[in-house]
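K.L.:
need coordinates for the following:
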Amino acid sequence: MLDRLVDIFCQVDDFCKAFDPWFRSQQLEAGARAPRGPKSKLADSEIITLLLILHNSGSKYLKSFYNNFALELLKPYFPGMPCYEHFVELQKRVLVPLTYFLMLNMGEKTGIYYIDSTPLAVCHNLRISRHKTFKGLASRGKSSTGWFFGFKLHLVFNDLHEIVNFKLTPGNVHDTQPVETLTKNLFGKIFGDKGYMSQKLSTSLLSRGLTLFTRVRKNMKSLPISMTDKLLLNARNMAETIIGHIKACSSLNIPKHRSPINALIHIIVAITSYQLDPIKPKINQKGQQLIELVE
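P.N.:
Next up, the predicted model:
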């Protein structure tokens, strides 16, 4: 655990040392009064590290992780740690550097991609009319598990199981709508489930060098595809496995948040945490040999 903590902190701290001077040079001079109260003793790199450790620990809630684990065991390494309530406010400070850090750690463009989405509910369906935190941002949507009120997280992976791009949309956005934006600079082949089946989308992507492959519905005839593409399409479940892993190991409990900014930060941290330690692809020797023979 300590080795992992040091490794994450070194990566984040090296990034912040390079990012902070550049970011300050891009900002306008502050004309407002300085914020009241004592100045935080935690650096941005320390805040980001603590959040990444949370999402790497398997703990589901920030409060229990911070009060029962971080304050007791990690305070010697982060002596400036404040109380939980103050730390919740400090999170907002790292939104910009955290986003840049994630962009720096995005997966490489390999030419083979998988796309999928997952619902992020913000409350129980019975409390939709009373919900206030994400009012005007979240919306009703439907997934394979039923109706929900919240957001959709759209993810694009490469064949190395790395996240190449992502987008957060309201729950009522169809899966095909953000595909053009998510794959703007991608070329090669992309595989998705039946929800991405669209002749218009396929034609548009193909015109700029990206071929979309999906399974067909029971009442439709499947088009002939090569054995290589069929094997790659059968491996599409990998995307669902990764999404399940992120949800199981990270603190993505959106209903517990009382601030949209903090909820967004925890979504970004969950993705970043996975990127720093992605699931390694298993090498299927027989399948690899078959692909080589076909090619």
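
K.L.:
strands along the chain, start to end?
P.N.:
112-121, 139-143, 146-158, 163-170, 188-192, 210-214 (DSSP state E).

K.L.:
mean pLDDT and mean neighbour count added to those strands, as JSON lines?
P.N.:
Backbone N, C-alpha and C define where each C-beta goes, glycine included. Listed next are the strands of the chain as JSON lines, based on pLDDT from 0 to 100; neighbours: other CB atoms under 10 Å:
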{"stretch": "strand 112-121", "mean pLDDT": "93", "mean neighbour count": "22"}
{"stretch": "strand 139-143", "mean pLDDT": "90", "mean neighbour count": "16"}
{"stretch": "strand 146-158", "mean pLDDT": "93", "mean neighbour count": "21"}
{"stretch": "strand 163-170", "mean pLDDT": "95", "mean neighbour count": "18"}
{"stretch": "strand 188-192", "mean pLDDT": "94", "mean neighbour count": "22"}
{"stretch": "strand 210-214", "mean pLDDT": "92", "mean neighbour count": "19"}
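
K.L.:
okay, those strands in CSV with distance to Glu46 next?
P.N.:
Output for the strands of the chain, formatted as CSV (distance: least, CB to CB, whole Å):
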stretch, distance to Glu46
strand 112-121, 27
strand 139-143, 36
strand 146-158, 27
strand 163-170, 25
strand 188-192, 38
strand 210-214, 40
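
K.L.:
closest one to Ser129 among those strands?
P.N.:
When the strands of the chain are compared for distance to Ser129 using CB to CB, the nearest one is strand 146-158, at 9.8 Å.

K.L.:
which neighbouring elements make contact with the closest one?
P.N.:
With contacts defined as 3 or more CB pairs under 8 Å, 6 or more residues apart in numbering; DSSP states H and E, the packing partners of strand 146-158 are strand 112-121, strand 139-143, strand 163-170, helix 237-249.

K.L.:
of the ones you listed, which is nearest Arg127?
P.N.:
Here strand 112-121 is closest among those (CB to CB), at 10.5 Å.

K.L.:
output the closest one as PDB, restricted to C-alpha atoms.
P.N.:
Only the C-alpha atoms of strand 112-121 are listed here, as PDB (Å, rounded to 0.1, in the frame of the first residue of the first chain):
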ATOM      1  CA  ILE A 112      -8.700  -1.100 -32.600                       C
ATOM      2  CA  TYR A 113     -11.300   0.400 -30.300                       C
ATOM      3  CA  TYR A 114     -14.400  -0.600 -28.200                       C
ATOM      4  CA  ILE A 115     -17.200   1.700 -27.200                       C
ATOM      5  CA  ASP A 116     -19.800   1.400 -24.500                       C
ATOM      6  CA  SER A 117     -21.800   3.400 -22.000                       C
ATOM      7  CA  THR A 118     -23.000   3.000 -18.400                       C
ATOM      8  CA  PRO A 119     -25.700   4.700 -16.400                       C
ATOM      9  CA  LEU A 120     -24.900   6.800 -13.300                       C
ATOM     10  CA  ALA A 121     -28.000   7.300 -11.300                       C
END
